[in-house]
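Visitor: 3D, please:
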Amino acid sequence: MRRLLAPLLVLALASAVHLDWHLARPADHHRRLSFGWEHHWLFAALAFAVVGWAAARAWPRRAGRVGAWVAALALLLAQGVEPVAEVALYAHRLGYPDEPARWAAFLVCLAAGLPAYALALWLCRPGRRRAADPTVAPAA
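Guide: Numbering: from 1, shown residues only. Next up, the predicted model:
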């Protein structure tokens, strides 16, 4: 089950980063699915935290290592592969979009998302509460 969960978490986080771009992208009449929401970072923090929670619950002893791989692959997919595929699909050429707004939205997404992700990875591991609580006896 965990072998399937890691790629699903990568796809979920990459999709969240891409959706964050649509939430942040300035709304104009030439582009569809552009919302111009200036508080898109709230969605990014929530999405990163949910994926971090799932990774911490699935791999409690290796949450940091697995979480780092999930985040790295998702960010590569969301900000490296997807924009090139978008240009290839819509502009019929191979290239990378040269929109400063895309990078600005991505950096805001990372600034809100990565701390939430790291906190979720650290705080949501099972057994962490038991180890920190002196009233709970250790398991035999």
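Visitor: Could you count how many residues lie near Leu123?
Guide: 13 (other CB atoms under 10 Å). Just so you know, the C-beta spots here come from the backbone N, C-alpha and C atoms, and that holds for glycine as well.
Visitor: Let me know the secondary structure of Gly95.
Guide: Following DSSP: H, G, I helix; E, B strand; the rest coil, we place Gly95 in the coil state.
Visitor: Contact partners for it?
Guide: Gly95 is in contact with 84, 87, counting by CB atoms under 8 Å, 6 or more residues apart in numbering.
Visitor: go with 6 Å
Guide: Residues near Gly95 by CB atoms under 6 Å, 6 or more residues apart in numbering: Val87.
Visitor: From Leu5, how far off is it?
Guide: 34 Å (CB to CB, to the nearest Å).
Visitor: Over to Leu13?
Guide: 12 Å.
Visitor: Which one of those two is surrounded by more residues?
Guide: Ranked by neighbour count (other CB under 10 Å), Leu13 and Leu5 place Leu13 first, with 26 against 17.
Visitor: quick one: pLDDT of the residue lying closest to Pro97 once chain neighbours are set aside?
Guide: Spatially, and ignoring its direct neighbours in sequence, Pro97 is nearest to Pro83 (5.2 Å; CB to CB, 6 or more residues apart in numbering). Looking at Pro83, its pLDDT is 91.
Visitor: Ok, the one 4 residues further on next?
Guide: We note a pLDDT of 89 for Val87 in this prediction.
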